[in-house]
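**Q** model the following, please.
(one chain, ligands or ions: 1)
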Amino acid sequence: MYCAGHLIQAAVALHRGAGDGRLLAVAVRLADHLVREFGGQDRGLDGHPVIETALAELYRETGTAAYLELARQFVDQRSHGLAGDSGLGRRYLQDDLPVRQSATEVGHVVRALYLEAGVTDVAVEMSERSLLESSARRWNDMVAAKTYLTGGNGSRHATEGFGDRFELPPDRAYNETCAAIASFQRSWRLLLATGDAKYADHMERVLYNGFGAAIATGGQRFFYVNPLQRREDHFEKDDPGRRRVWFNCACCPPNIMRLIASLEHYLATESGGTLYVHQFTGSRLSGAGLDLEVTTDYPWSGAVYLRVLAAPQAGRGLALRVPAWSATTRISVNHDPERTGISPGYHLLHRTWRAGDLVTVHLDATPRWTYPDRRVDAVRGCVAIERGPLVYCFEQADQLDGARLDDLAVRPGGVLGERPVTLDGIGQTIEITAPAIPQPPLAPVTLPPAVPSSPPASMAPPFLPVPGMTAIAIPYFQWDNRDGGPMRVQMPRG
Ligand SMILES: [Zn+2]
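**A** Numbering: from 1, shown residues only. Now for the predicted structure:
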């Protein structure tokens, strides 16, 4: 059924995108077969969801209610023990509790988030508010307590799975690329169902960081696993953990191609005579009778220009997402007085638009310090840097004067500098310089003495700030494009 799900989704995409119905005929025969074999019965459940979203999409494309009913059946049959035995327990397969009673995400991340996307589809198509609300509650819990700063999910390497709440080790983060894609797809469905900007904010975090880092500069190599720290001597089995051209389990690279090929569909929506702009990038947008041209250097710059190319005679709304990270936002239309003090969320401009009207948005992309929740033990006492939608990281290759990354701490509260640069292996970027301080040197690792040792003769000497010392950060999505050296997103606070 996992393979059937991907085939059905490919068939729907081909039919919608190119008007070619040949694969759709195959998908319909396969779905009819599933309805005959499984509909209304307790015969089994796929251990890896994706058939749920596929059946809902095929229902939307064909109007055949039996496909949607089967998707709802597969959602409702969780916890019946029909998914078989993975050898990793029933939580791993999201088969431990009924979906409606589940309070938090458990088990294999890609399985869990594909299932949640299907849950949202079923809830929306069948107008099941309580089912939708249960998924939205788990989304809140996931983002608050089981999600990395990069938007990645999966803190248990061995099961590619969710861990406890606030169990988020940066070095052992699994954060599969497919999990980022599944999270993006799930948030999109909740955004469409609710209109709440927090879902679009999270899609942006995932897109530019957890997902963006999967792809090498040049687009030829990929990460399957996306940690937030790599040590000098890192290995995973016999693998140094760098991007590769292919994987034996080849889910991630084609999933990346699928998302990039469909990115334009996630930029904007229309509702009730208003065009909602969710993501900012150079584009032509049409909706609610408006045609717009968007020009911007986002995410490097927070300035976005939207020019009206065509508009109807009657008034129309234009709703612009103001990200939660933008501390001060300014918006103006033509030469009207600038609007300031704008809150995060959708900012609605309603008027009779004319071709040539220009909307200017200035989001605040000033670099900022970001502190982890103190319950995340693995990074307690650390701090990270973000700029606009980008999470930054520190790579050994950028540090000055031979400073070892592991011997540096940063001094939050100090001024963060930024400078556009072109780096070998990466190309154009914006570096951030953070005030830094060396950490006390550590003794070499030695075996413990065989007999009790005497107490240390003295404490380590005090360390004073070095004037002008800095640590250098680059965007996380650009890491591992050089020598494969150490990297960390969260730095100790000095
Ligand atoms: Zn994958």
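**Q** going by proximity to the ion, name the top residue of the stretch 51-200 of the chain.
**A** Nearest residue of the stretch 51-200 of the chain to the ion: C178, at 3.0 Å (Cβ to the ion). Glycine gets a C-beta too; all of them are placed from N, C-alpha and C.
**Q** that residue sits in which helix or strand?
**A** Per DSSP states H and E: C178 is located in helix 177-194.
**Q** try E418
**A** E418 belongs to strand 417-423, assigned by DSSP H and E.
**Q** what's the answer for Y392, then?
**A** Here Y392 sits within strand 390-395, counting by DSSP H and E.
**Q** my guess is A10 is in a helix, correct?
**A** Yes - assigned with DSSP: H, G, I helix; E, B strand; the rest coil, A10 falls within a helix.
**Q** quick one: contacts for W325?
**A** The contact partners of W325, taken as Cβ atoms under 8 Å, 6 or more residues apart in numbering, are D201, D364, R368, E386, G388, P389.
**Q** now do 10 Å
**A** The contact partners of W325, taken as Cβ atoms under 10 Å, 6 or more residues apart in numbering, are 201, 204-205, 302, 344, 363-366, 368, 370, 386-390.
**Q** show me which of those residues is closest to W139.
**A** Nearest to W139 among these, counting by Cβ to Cβ, is D201 at 12.2 Å.
**Q** neighbours around that closest one, how many?
**A** Per other Cβ atoms under 10 Å, the neighbour tally for D201 reads 22.
**Q** I'd say W300 and E431 touch.
**A** No - using Cβ atoms under 10 Å, W300 is not in contact with E431; the gap is 11.9 Å.
**Q** quick one, helices of the stretch 1-150 of the chain?
**A** Counting by DSSP state H, counting those that start in this stretch, the stretch 1-150 of the chain has these helices, from start to end: 2-18, 22-38, 51-62, 65-76, 109-125, 129-145.
**Q** list the buried ones in the fifth one?
**A** So the one you mean is helix 109-125. Using 16 or more other Cβ atoms under 10 Å as the test for burial, helix 109-125 gives 109-124.
**Q** what does the third one give?
**A** When burial is assessed from 16+ other Cβ under 10 Å, helix 51-62 yields the following buried residues: I51, E52, T53, A54, L55, A56, E57, L58, Y59, E61, T62.
**Q** quick one, what contacts V109?
**A** For V109, counting by Cβ under 10 Å, 6+ apart, the contacting residues are 142, 146, 152-156, 159-162, 174-176, 178-180, 182-183.
**Q** mind doing that once more with 7 Å?
**A** V109 makes contact with N153, G154, E160, G161, F162, E176, A179, according to Cβ atoms under 7 Å, 6 or more residues apart in numbering.
**Q** now for these, which pair is the farthest apart?
**A** Using Cβ to Cβ, the contacts of V109 span at most 11.7 Å, a distance reached by F162 and E176.
**Q** overlap in contacts of the two?
**A** By Cβ under 7 Å, 6+ apart, the residues touching both F162 and E176 are V109, G154.
**Q** what angle separates the helix holding C178 from helix 51-62?
**A** With axes from the mean of the first three to the mean of the last three Cα atoms, to 10 degrees applied, the angle from helix 177-194 to helix 51-62 works out at 50 degrees.
**Q** ok, and what's touching stretch 420-436?
**A** By Cβ under 7 Å, 6+ apart, the residues outside stretch 420-436 that reach it are 217, 300, 367, 385, 387, 392, 408-411, 414, 416-419, 469-475, 478, 481-482, 494.
**Q** let's see that with 8 Å instead.
**A** Contact partners of stretch 420-436, identified using Cβ under 8 Å, 6+ apart, comprise 217, 300, 367, 385, 387, 392, 398, 403, 408-411, 414-419, 469-475, 478, 481-482, 491, 494.
**Q** from the residues you listed, list the buried ones, please.
**A** Buried among those (16+ other Cβ under 10 Å): 217, 300, 367, 385, 387, 392, 398, 403, 408-411, 414, 416, 469-475, 478, 481-482, 491, 494.
**Q** okay, and which of those map to strands?
**A** Among these, DSSP state E puts 385, 387, 392, 408-410, 470-475, 491 in strands.
**Q** between those, which is closest to R258?
**A** P475 (23.5 Å).
**Q** who does the closest one bridge with?
**A** In this entry, P475 is beta-bridged to Y392, by DSSP bridges.
**Q** please look at it and L390 and confirm they touch.
**A** Yes - using Cβ atoms under 8 Å, P475 makes contact with L390 at a distance of 4.6 Å.
**Q** show residues contacting stretch 293-303.
**A** The contact list for stretch 293-303 (Cβ under 8 Å, 6+ apart) reads 208, 277, 280-285, 304-307, 309, 326, 360-365, 388-390, 420, 430.
**Q** and whichever strand in the chain runs longest with strand 470-475, angle?
**A** Criterion DSSP E: the longest strand present in the chain is strand 427-438. Taking the same axes, to 10 degrees, one finds strand 427-438 and strand 470-475 inclined to each other by 140 degrees.
**Q** and strand 427-438, which residues are buried?
**A** Result for strand 427-438 [16+ other Cβ under 10 Å]: buried residues T429, I430, E431, I432, T433, A434, P435, A436, I437, P438.
**Q** can you dump the C-alpha atoms of that strand in PDB for me?
**A** What follows is strand 427-438, C-alpha atoms only, in PDB (Å, rounded to 0.1, in the frame of the first residue of the first chain):
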ATOM      1  CA  GLY A 427      29.400  30.900  -3.400                       C
ATOM      2  CA  GLN A 428      27.500  33.900  -2.100                       C
ATOM      3  CA  THR A 429      26.400  34.100   1.400                       C
ATOM      4  CA  ILE A 430      26.100  36.400   4.400                       C
ATOM      5  CA  GLU A 431      28.500  35.700   7.200                       C
ATOM      6  CA  ILE A 432      27.700  36.700  10.800                       C
ATOM      7  CA  THR A 433      30.400  37.500  13.200                       C
ATOM      8  CA  ALA A 434      29.700  36.900  16.900                       C
ATOM      9  CA  PRO A 435      31.800  38.200  19.900                       C
ATOM     10  CA  ALA A 436      33.700  35.200  21.200                       C
ATOM     11  CA  ILE A 437      35.900  34.000  24.100                       C
ATOM     12  CA  PRO A 438      38.200  31.000  24.300                       C
END
